[in-house]
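Visitor: missing the sequence, but the structure's below:
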């Protein structure tokens, strides 16, 4: 396994650890929504970096690998959930 195969695996592990941290903060720590939401925003920024890294690494000719599917899927889900959260907060604020 070269570095091309290890990078998506490491990114997936980091993303799952980040999601676990946000979930743990939300459930068992202070339970303050802003703390969890700030951590979720940081996780979404990390996901955007993952998408940029995917764009640079995956589209190089001859270096395509299917291991990028999982980190990219997780990144898109995190960003979509964050966008939905912002939309719901905006709707709730201007009701």
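Guide: Great, that's in hand. Nothing here was measured: the structure is a model prediction, and the numbers come from that model.

Visitor: surely residue 74 meets residue 47?
Guide: Yes. Counting by Cβ atoms under 8 Å, residue 47 is a contact partner of residue 74 at 7.3 Å. Just so you know, the C-beta spots here come from the backbone N, C-alpha and C atoms, and that holds for glycine as well.

Visitor: where are the low-confidence patches of this protein?
Guide: Applying pLDDT under 70 to the chain flags the ranges 1-4, 30-33, 57-65.

Visitor: follow-up on the earlier one: overlap in contacts, residue 74 and residue 47.
Guide: Common neighbours of residue 74 and residue 47, using Cβ atoms under 8 Å, 6 or more residues apart in numbering, are residue 15.

Visitor: list the helices and strands the host helix or strand of residue 84 packs on?
Guide: Under the criterion of DSSP states H and E, residue 84 resides in helix 69-93. Secondary-structure packing of helix 69-93 (3 or more Cβ pairs under 8 Å, 6 or more residues apart in numbering; DSSP states H and E): helix 3-28, helix 33-58.

Visitor: so what's the gap between the first one and the chain middle?
Guide: Chain-centre distance of helix 3-28: 8 Å, with Cα atoms, centre = their mean, to the nearest Å.

Visitor: that older thread, among the helices and strands packed on helix 69-93, which is nearest residue 88?
Guide: Residue 88 lies closest, by Cβ to Cβ, to one member of these: helix 33-58, at 11.8 Å.

Visitor: buried residues in that closest one?
Guide: Neighbour-count burial for helix 33-58, counted by 16 or more other Cβ atoms under 10 Å, picks out 36-37, 39-40, 43-44, 47, 50, 53-54, 57-58.

Visitor: could you dump these to JSON lines with distance to residue 14?
Guide: Formatted as JSON lines, the buried residues of helix 33-58 follow (distance: Cβ to Cβ, whole Å):
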{"residue": "36", "distance to residue 14": "18"}
{"residue": "37", "distance to residue 14": "20"}
{"residue": "39", "distance to residue 14": "14"}
{"residue": "40", "distance to residue 14": "15"}
{"residue": "43", "distance to residue 14": "10"}
{"residue": "44", "distance to residue 14": "14"}
{"residue": "47", "distance to residue 14": "10"}
{"residue": "50", "distance to residue 14": "9"}
{"residue": "53", "distance to residue 14": "12"}
{"residue": "54", "distance to residue 14": "14"}
{"residue": "57", "distance to residue 14": "16"}
{"residue": "58", "distance to residue 14": "18"}
